[in-house]
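S.K.: Make a model of this:
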Amino acid sequence: QLVLVESGGGSMETGGSLRLSCAASGGDLTSYAIGWFRQAPGKRREGISCIGRGDGPSKYIDSVKGRFSISRDNTKGTVDLQMNVLNTEDAGIYYCAAYFGSVSTCYVSEDWYDYWGQGTQVTVFS
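M.R.: Modelled structure (predicted):
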C-alpha cells in the first residue's frame, strides 16, 4: 500500500517562494504519476500540476504556469513542487496524490488518483 506524506508547507508573504515535497513508503514513486492538488477555504479541491511516471512530462494549470515547477528528486525519492511568486490565491491545503502509471503522461483530474497524502497547509499573507 502506497502511503504519501507531504512536507514543506508554511506561511509566506506574497511574492515569496515555498517548496513542497511528496515522499512515499510502500512503493517507488518513479512508477507512479504524481499530482499536486490544492483546496482553498470554501472551494473545491483542484488539480494544479502533475508529472508522469519515470521521466514523463509535466503539466500545469494556467494559474500556476511560469510560477510553479514540479520535479522528481530520485536521490531523495520525492516529487517536489517549487512555488514561486506566491499570491494570496495560492493559499490552501496542498495534497500530493499518485496513480500507477502504465504510460508516461499524467492528468490533473483527481479521478485518476488512487493514493492521497494528508495534506500540508500553505498560507500566503500580504
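
S.K.: quick one, strands of the protein?
M.R.: Ranges of strands in the chain, per DSSP state E, are 3-7, 10-13, 18-25, 32-39, 46-51, 58-60, 68-73, 78-83, 92-100, 115-116, 120-125.

S.K.: can you count the residues close to the closest residue to Arg53 other than its chain neighbours?
M.R.: Nearest residue to Arg53, sequence neighbours excluded (Cβ to Cβ, 6 or more residues apart in numbering): Gly101, at 3.6 Å. All C-beta spots, glycine's among them, are computed from the backbone N, C-alpha and C. For Gly101, the count of nearby residues is 20 (other Cβ atoms under 10 Å).

S.K.: and if you look at Leu29?
M.R.: When neighbours are defined as other Cβ under 10 Å, Leu29 has 23 of them.

S.K.: I figured it hits Val79, correct?
M.R.: Yes: counting by Cβ atoms under 8 Å, Val79 is a contact partner of Leu29 at 5.9 Å.

S.K.: For the most centrally placed residue in the chain, give the beta-bridge partners.
M.R.: Nearest residue to the geometric centre of the chain (Cα atoms, centre = their mean): Trp36, 2.4 Å. Beta-bridge pairing for Trp36 (DSSP bridges): Ser49, Cys96.

S.K.: that older thread, with distance to Ser109 and mean pLDDT as extra columns, can I get the strands of the chain in a markdown table?
M.R.: Formatted as a markdown table, the strands of the chain follow (distance: least, Cβ to Cβ, whole Å; pLDDT from 0 to 100):
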| stretch | distance to Ser109 | mean pLDDT |
| --- | --- | --- |
| strand 3-7 | 18 | 98 |
| strand 10-13 | 28 | 97 |
| strand 18-25 | 18 | 98 |
| strand 32-39 | 9 | 97 |
| strand 46-51 | 6 | 98 |
| strand 58-60 | 11 | 97 |
| strand 68-73 | 16 | 97 |
| strand 78-83 | 17 | 98 |
| strand 92-100 | 11 | 97 |
| strand 115-116 | 14 | 98 |
| strand 120-125 | 21 | 98 |
